[in-house]
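> One predicted model, sequence on top.
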Amino acid sequence: MTFAAASSINIYWYALPIMIAISLVHAASRYDDWKLIVSHAIRLFVLILLIVVGTMALVLISNTQV
Amino acid sequence: MPVSSVPPNPSIKAAFLAWFIPGLGHIYQKRYGKGVLYFVCIVGLFVWGAILGEGKIVYWRWVNPMSRPDDFRLTYICQFFVGLPALPALIQGTLRYLDLSPILWGWMDVPSQNVINGMYARLGKVVDISVLYTQLAGLANVFAICDAYAGPAAASAGASKPATAAVAKEAKA
């Protein structure tokens, strides 16, 4: 993969791997049961996603330059 | 995948191994699944971030943060917790401080300002994203180190039920 191609990707997509990894690591650090790890990771991922999308929507709405 | 077992006692050795290579502390504790999960997530984030930053975003300078705050590499403090993958930067920074030549072909050596400027010109915000990836990898490994040292923060349902039952039996007796 060229770095020119990497820089052409919309920057918001880079948040997804971070969200997934952080959700999984946080869930794994709280539980030892795999069912609990997966369910906690999914809930945390959805929560982070909602917060990020919600914040972005608020910023876009409040941005007078749009 | 098998359910991992909770470590019986706080283990400094496991915590050190978890810092040295993410997931190794858990593999040492025979919690193989979690070890692999931590390794893939943490090292994956770190390596992907380092690749996006063309290998020039993980470095360390021995400077006084009070007298030279612009040169102080605060981000490396987070990156340091990834362990072995970030250690070459500490070695290169120390060699540079001691006026010695860099090793490993200058891998993770302090890049010149021209190189950094050129990278920002070509990649733009991706440089900041790559730094964020590597920092978050280090911070995520702090969770893993704590887990290796003292077990999961919240006991799993399978692990907590027998313990609760044992406590209840003792209370009855």
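Yep, it's here. Numbers count the residues shown, from 1 in each chain, chains lettered A, B, ... in the order given.

> So, low pLDDT: which residues of the chain?
No chain was given, so I picked chain A. Residue ranges of chain A with pLDDT under 70: A:1-7, A:65-66.

> should've been chain B
Regions of chain B meeting the criterion pLDDT under 70 cover residues B:1-8, B:155-173.

> What ranges does the chain have for its helices?
You didn't pick a chain, so chain A it is. A:3-8, A:15-30, A:34-62 (DSSP state H).

> Oops, wrong one, chain B.
Using DSSP H, the helices of chain B run over residues B:12-20, B:24-28, B:32-38, B:44-52, B:74-79, B:87-97, B:113-123, B:126-150, B:157-172.

> so does the fifth one get close to chain A?
Read it as helix B:74-79. No. Helix B:74-79 lies out of reach of chain A by Cβ under 8 Å from any Cβ of the partner chain, never closer than 13.3 Å. The way it works is simple: take the backbone N, C-alpha and C, and place the C-beta from them, glycine included.

> Which of the residues in that helix are classified as buried?
Counting neighbours by 16 or more other Cβ atoms under 10 Å in any protein chain shown, one finds that the buried residues in helix B:74-79 are B:75-76, B:78-79.

> ditto for stretch B:42-62
By neighbour count on 16+ other Cβ under 10 Å, the buried set for stretch B:42-62 is B:42-46, B:48-50, B:52-54, B:56-60.

> list the contacts for the closest residue to B:Ile129 other than its chain neighbours?
When the adjacent residues along the chain are set aside, B:Ile129 lies closest to A:Tyr14, with 4.7 Å between them (Cβ to Cβ, 6 or more residues apart in numbering or on different chains). When contacts are counted by Cβ atoms under 8 Å, 6 or more residues apart in numbering or on different chains, A:Tyr14 touches B:126, B:129, B:133.

> neighbour-wise, which of those leads?
When neighbours are counted as other Cβ atoms under 10 Å in any protein chain shown, the busiest of the contacts of A:Tyr14 turns out to be B:Tyr133, with 25 neighbours.

> separation between it and A:Leu36?
Going from B:Tyr133 to A:Leu36 by Cβ to Cβ, to the nearest Å gives 27 Å.

> B:Thr94 now?
Here the distance between B:Thr94 and A:Leu36 works out to 42 Å (Cβ to Cβ).

> more crowded one of these two?
With neighbours defined as other Cβ under 10 Å, B:Thr94 and A:Leu36 compare such that A:Leu36 has more, 20 against 12.

> Mind listing what's buried along stretch B:100-109?
Using 16+ other Cβ under 10 Å as the test for burial, stretch B:100-109 gives B:102, B:108-109.

> roughly how far is it from the heart of the chain?
With Cα atoms, centre = their mean, to the nearest Å as the basis, the distance from the averaged C-alpha position of stretch B:100-109 to the chain average is 21 Å.

> what's the answer for stretch B:57-69, then?
In terms of Cα atoms, centre = their mean, the gap separating the centre of stretch B:57-69 from the centre of its chain is 19 Å.

> Done for today, thanks.
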